[in-house]
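**Q** turn this into a model:
(one chain, ligands or ions: 1)
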Amino acid sequence: MLDVRELCAGYGGAQILDRVHFHLAKGEVLGILGRNGAGKSTLVKAVMGMLPETRGSIEFRGQQLLGLPTYRIGRIGVSLVPQGRWIFPKLSVQQNLEAACPVGQDPPDVIFTYFPVLRHRLRQMGGTMSGGEQQMLAIARAMCARPKVLLLDEPSDGVQPNIVQMLGELIPSLCKELEISAVLVEQNLDLVMNAAQRWLVLERGRIVHEGRQTGADELHALEGLLGV
Ligand SMILES: Nc1ncnc2c1ncn2[C@@H]1O[C@H](COP(=O)(O)OP(=O)(O)OP(=O)(O)O)[C@@H](O)[C@H]1O
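**A** Here you go, the predicted structure:
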């Protein structure tokens, strides 16, 4: 679904990502781990076409995304759930969802299958919802564009543990059932090991580790790399 090669990106002449390389298979959940400032958010922003200083190659089903504006990348089938959620706080849940739908389309019903709480909150202002509920809204909003690739940037941030556990079960089942592939950027090791089939560790903008086994050795290696 996504084939990223030699990706370099940064801000104002400062290079943050250094020749990042990965692929994402259909229906796969790929974790991206790393300490604060490692470049995780920069990676998803670069894929979304939000950073002008991006070089390398980002292919989505064989189509080059590099150089396309963000709205085109969204229309082609890649959706971002940004860190901090960025829902519209003064719009209702319904309006938040409608704002993300292609013109003339309603929010897909399937979002209420995965997030039934939203159906009962359609008139509530987004900003009055809890952190966990806002995260569900942010994921549901991204699904309104009917993406084939979801980029989830630290969905556990500011969310209580029971909802994080729920996300750990929901993300892989949603991807499997709807044939969506996901890049799951996280600092929460448990969430990544529960939800992802494979994970990469970024350190100062470079991939320094790739794992897929959930055993004690891998956990120990990840804890060392992440300093937890
Ligand atoms: N808009 C910006 N302008 C300049 N530098 C930036 C900007 N955004 C991020 N950076 C720098 O890029 C580096 C990587 O930041 P990034 O947000 O990608 O890290 P991260 O791994 O997502 O961290 P965290 O887990 O804390 O969110 C950091 O050194 C950060 O200070």
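
**Q** buried residues in stretch 170-181?
**A** Judged by neighbour count (16 or more other C-beta atoms under 10 Å), stretch 170-181 contains these buried residues: 170-172, 174-175, 178, 180-181. Glycine gets a C-beta too; all of them are placed from N, C-alpha and C.

**Q** show the average pLDDT along that stretch.
**A** Regarding stretch 170-181, the rounded mean pLDDT is 93.

**Q** contact residues of this structure facing the ligand?
**A** If contact is defined as C-beta under 6 Å from any ligand atom, the residues of the chain in contact with the ligand are 11-12, 16, 34, 36-42, 83, 187.

**Q** cross the buried residues of stretch 170-181 against strands and list the overlap.
**A** Ser181 (DSSP state E).

**Q** make JSON lines out of the buried residues of stretch 170-181 and add distance to Glu59.
**A** Written out in JSON lines, the entries for the buried residues of stretch 170-181 read as follows (distance: C-beta to C-beta, whole Å):
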{"residue": "Leu170", "distance to Glu59": "28"}
{"residue": "Ile171", "distance to Glu59": "23"}
{"residue": "Pro172", "distance to Glu59": "24"}
{"residue": "Leu174", "distance to Glu59": "24"}
{"residue": "Cys175", "distance to Glu59": "20"}
{"residue": "Leu178", "distance to Glu59": "22"}
{"residue": "Ile180", "distance to Glu59": "18"}
{"residue": "Ser181", "distance to Glu59": "13"}
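
**Q** just the closest of the buried residues of stretch 170-181 to the ligand, please.
**A** Each of these was checked against the ligand using C-beta to the nearest ligand atom; the closest is Ile171, at 18.2 Å.

**Q** apart from its chain neighbours, what residue comes closest to the closest one?
**A** Take Ile171 and drop its neighbours on the chain: the residue closest to it by C-beta to C-beta, 6 or more residues apart in numbering is Ala195, 4.5 Å away.

**Q** I'd assumed Ser173 was in contact with the one you found.
**A** No: Ala195 is not in contact with Ser173 according to C-beta atoms under 8 Å; the separation is 9.5 Å.

**Q** quick one, what contacts Leu137?
**A** 85, 87, 93, 96-97, 115, 118, 126, 129 (C-beta atoms under 8 Å, 6 or more residues apart in numbering).

**Q** for the chain, which segments count as helices?
**A** Secondary structure of the chain (DSSP state H): helices at 40-47, 70-76, 93-99, 110-114, 116-119, 131-143, 161-178, 189-195, 216-226.

**Q** among the contacts of Leu137, name the buried ones.
**A** Listed as buried from those are 85, 87, 93, 96-97, 115, 118, 126, 129; burial here means 16+ other C-beta under 10 Å.

**Q** columns distance to Ile163 and pLDDT on top of these, output as a markdown table?
**A** Conversion of those to a markdown table gives the following (distance: C-beta to C-beta, whole Å; pLDDT from 0 to 100):
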| residue | distance to Ile163 | pLDDT |
| --- | --- | --- |
| Arg85 | 13 | 90 |
| Ile87 | 15 | 93 |
| Val93 | 16 | 97 |
| Asn96 | 18 | 97 |
| Leu97 | 19 | 96 |
| Phe115 | 11 | 94 |
| Leu118 | 13 | 95 |
| Gly126 | 16 | 96 |
| Met129 | 12 | 94 |
